[in-house]
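Chemist: Here is a sequence together with a model predicted from it:
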Amino acid sequence: MNRGRALGPGALRKRGKVWVLDWTSADGRRLRKVLGGDRRTAERIRAELIRARDLELAGMGAEGGQEKLLAELLEEYLPDLQARVTPTHFRNVEQRLRHVVEGLGEKRVGDLRPMDAVRVRSEATAAGASNRTANLLIDRLRAMLRWAEENELIGVNPIRRLKRLPETRDHQKYRRRALTEEEIARLLAASEADDAECAIRWQLGQVYGGGAKARPGSLRVPQTPFWTALLETGARYGELRQATWGDVDFDRGELLLRSENTKSRKQRAIPLRPETIEALRRLRALHQRVYGRLATVADPICLSPDGRPWGRYTTNCIRILRRVVERAGLAWIDQRGEKLDVHALRHTATTRLLRNGAGLARTQRVIGHSDPKLTAAVYGHLEADDLRDAVEALPPLRAAHTNTAAS
């Protein structure tokens, strides 16, 4: 490397209809780059390239990175991110980041201001997004910039101090609600009735509820075990749909959620009650009849009514659950604006654990949160009736006063 003398601005020449730059990089390599057909643009790009090289030679490469376009930084960040997270998480992050970077335009890191991020966030909420969704947009951008700062690609993250929007229950667009024990019983009874009715229609080759086309004499996979498993385990839809029979330990009574399928990329084992294990044995036997062969360790536990693995998107799943909810006489969205959807079953499972004295630490481990505070803030749907036993266990106030006066 030629550190003893300046490397010069390079040679900018027109070749055909485009301008081409030949220059020496900071590590001494001879490089050539096409800079476009407009000379003024080519000269500007050359000045930026040479400035970044000279800053790197002076040991100030991170500061030079402030001239980097956000779109360029994104293309460096995504390959590293993809190697560290699940495919589903990567797709979600990539989609949000590309949306944000595109919305910011041809913005350079050094030109980015907190108010630019605020504008993107405000546009999202004005379009109907919740505070949480709007925060996620900026969180992804902030994470990319933090990664670049930690890897000395840029000098400073310009939005590192931007505060997030509040995400309390009052600021949620859709709040999930937890079912009571009586509502759980009604829901499962309605689901069993729906499965029985659909099974008859299925065998007759009729189509029910806009779902898949049934073949006469074929078996329909009941969905009650799916709702039951969500209520019992507190697993996310995406975690449970990817679980296979190889993840069920029938002897130990456990369901293993593998790290590649969990949101946190951490493996966790969920204990299962004996009746749940027996229900899974019956479900596996039914799957074997649907397949016409033995179920393997790679076959999914949860199948759609037509015997296929549930997909990433939950449209058909929601359609079935909504039909069951209505059949049970429950409100899909109640008077308080609280929603009863697939994810609400996870809320219900978590709240049941808290209702029955599992405690925050153990509940957090079952459902896979990184912090019990998140469990308490988001999933603790404890109503007045749930707290009644604790209140009634206190001694009467008048009795306490009488005992004090007597002493």
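Modeler: That came through, no problem. Just so it is clear, the structure is predicted and the values come from calculations on it, not from any experiment.
Chemist: Quick one: neighbours of residue 92, just the number.
Modeler: 14 (other CB atoms under 10 Å). Placement of C-beta: from N, CA and C, glycine included.
Chemist: Can you list phi and psi of residue 303 for me?
Modeler: Per-residue torsions, residue 303: phi -120, psi 150 (degrees, to the nearest 10).
Chemist: Could you look up the SS state of the closest residue to it other than its chain neighbours?
Modeler: Using CB to CB, 6 or more residues apart in numbering and skipping the chain neighbours, the partner closest in space to residue 303 is residue 221 (4.6 Å). Assigned with DSSP: H, G, I helix; E, B strand; the rest coil, residue 221 falls in the coil class.
Chemist: Compute the number of surrounding residues for residue 221.
Modeler: 22.
Chemist: same check, this time on residue 35
Modeler: Residue 35, neighbours per other CB under 10 Å, totals 18.
Chemist: Please apply the same query to residue 254.
Modeler: Around residue 254 there are 15 residues (other CB under 10 Å).
Chemist: The strand or helix carrying residue 21: partners in the sheet, and parallel or antiparallel?
Modeler: Assigned by DSSP states H and E, residue 21 belongs to strand 18-24. Sheet pairing of strand 18-24 (DSSP bridges) gives strand 11-15 (antiparallel), strand 30-36 (antiparallel).
Chemist: what's in contact with the shortest one?
Modeler: So the one you mean is strand 11-15. Contacts with strand 11-15, where a contact means CB atoms under 8 Å, 6 or more residues apart in numbering, come from 19-23, 35, 39, 42-43, 46.
Chemist: separation between the nearest residue to residue 30 once chain neighbours are set aside and residue 9?
Modeler: In this structure, residue 30 finds its nearest non-sequential neighbour in residue 24, 5.9 Å apart by CB to CB, 6+ apart. Distance from residue 24 to residue 9, counting by CB to CB, to the nearest Å: 10 Å.
Chemist: got it, and residue 261?
Modeler: Taken as CB to CB, the span from residue 261 to residue 9 is 53 Å.
Chemist: and what of residue 221?
Modeler: Using CB to CB, we find residue 221 at a distance of 69 Å from residue 9.
Chemist: what's the answer for residue 254, then?
Modeler: 66 Å.
Chemist: tell me the mean pLDDT for stretch 265-283?
Modeler: Regarding stretch 265-283, the rounded mean pLDDT is 92.
Chemist: who touches that stretch?
Modeler: 85-86, 225, 228-229, 232-235, 248, 250, 253-259, 262, 301, 365-366, 368.
Chemist: out of the residues you listed, which are buried?
Modeler: 86, 225, 228-229, 232-235, 248, 255-258, 262, 301, 366, 368 (16 or more other CB atoms under 10 Å).
Chemist: So which of those residues belong to strands?
Modeler: Those of the buried ones among the contacts of stretch 265-283 mapping onto strands are 248, 255-257, per DSSP state E.
Chemist: Which residue ranges make up the domains of this structure?
Modeler: Under the assignment automatic domain parsing, the domains of the chain span 11-59, 70-171, 179-330.
Chemist: Can you flag the weakest of those domains by average pLDDT?
Modeler: Across the domains of the chain, domain 11-59 gives the lowest mean pLDDT, at a mean of 83.
Chemist: how much space between residue 90 and residue 99?
Modeler: Relative to residue 99, and taking CB to CB, residue 90 is found at 15 Å.
Chemist: What is the end-to-end distance of stretch 229-243?
Modeler: End-to-end distance for stretch 229-243: 11 Å, by CA to CA, to the nearest Å.
Chemist: mind checking how far that stretch is from the chain centre?
Modeler: 14 Å (CA atoms, centre = their mean, to the nearest Å).
Chemist: residue ranges of the helices in the stretch 301-407 of the chain, please?
Modeler: 315-327, 342-355, 360-367, 372-379, 384-392, 397-406 (DSSP state H, counting those that start in this stretch).
Chemist: Give the other helices and strands that the third one contacts.
Modeler: Think helix 360-367. Here helix 360-367 touches strand 268-271, helix 342-355, helix 372-379, going by 3 or more CB pairs under 8 Å, 6 or more residues apart in numbering; DSSP states H and E.
Chemist: Quick check: mean pLDDT of the last one?
Modeler: Translated: helix 372-379. Rounded mean pLDDT across helix 372-379 is 68.
Chemist: now do the longest one
Modeler: With pLDDT averaged residue by residue, helix 342-355 scores 90.
Chemist: Buried residues of that helix, list them for me.
Modeler: 342, 344-355.
Chemist: quick one, that helix and helix 315-327 angle?
Modeler: Helix 342-355 runs at 60 degrees relative to helix 315-327, counting by axes from the mean of the first three to the mean of the last three CA atoms, to 10 degrees.
Chemist: Hmm, residue 340 and residue 331 touching each other?
Modeler: Yes - at 6.9 Å, residue 331 counts as touching residue 340 under the criterion of CB atoms under 8 Å.
Chemist: Check which helices and strands the longest helix along the chain sits against.
Modeler: For the chain, the longest helix by residue count, based on DSSP state H, is helix 181-203. With contacts taken as 3+ CB pairs under 8 Å, 6+ apart, helix 181-203 sits against helix 224-233, helix 315-327.
Chemist: quick one: the shortest one to chain centroid distance?
Modeler: Here the centre of mass of C-alpha atoms in helix 224-233, compared against the chain's by CA atoms, centre = their mean, lies 20 Å away.
Chemist: And for it, what's in contact with it?
Modeler: Outside helix 224-233, the residues that touch it by CB under 8 Å, 6+ apart are 184, 187-188, 191-192, 195, 235, 237, 240, 255, 270, 272-273, 276, 279-280, 283, 301-302, 321, 324, 342, 345-346, 348-349, 352, 366.
Chemist: Tell me the spacing between residue 75 and residue 101.
Modeler: 10 Å.
Chemist: Tell me which of the two has more neighbours.
Modeler: residue 101 (22 against 10).
Chemist: All good on my end, thank you.
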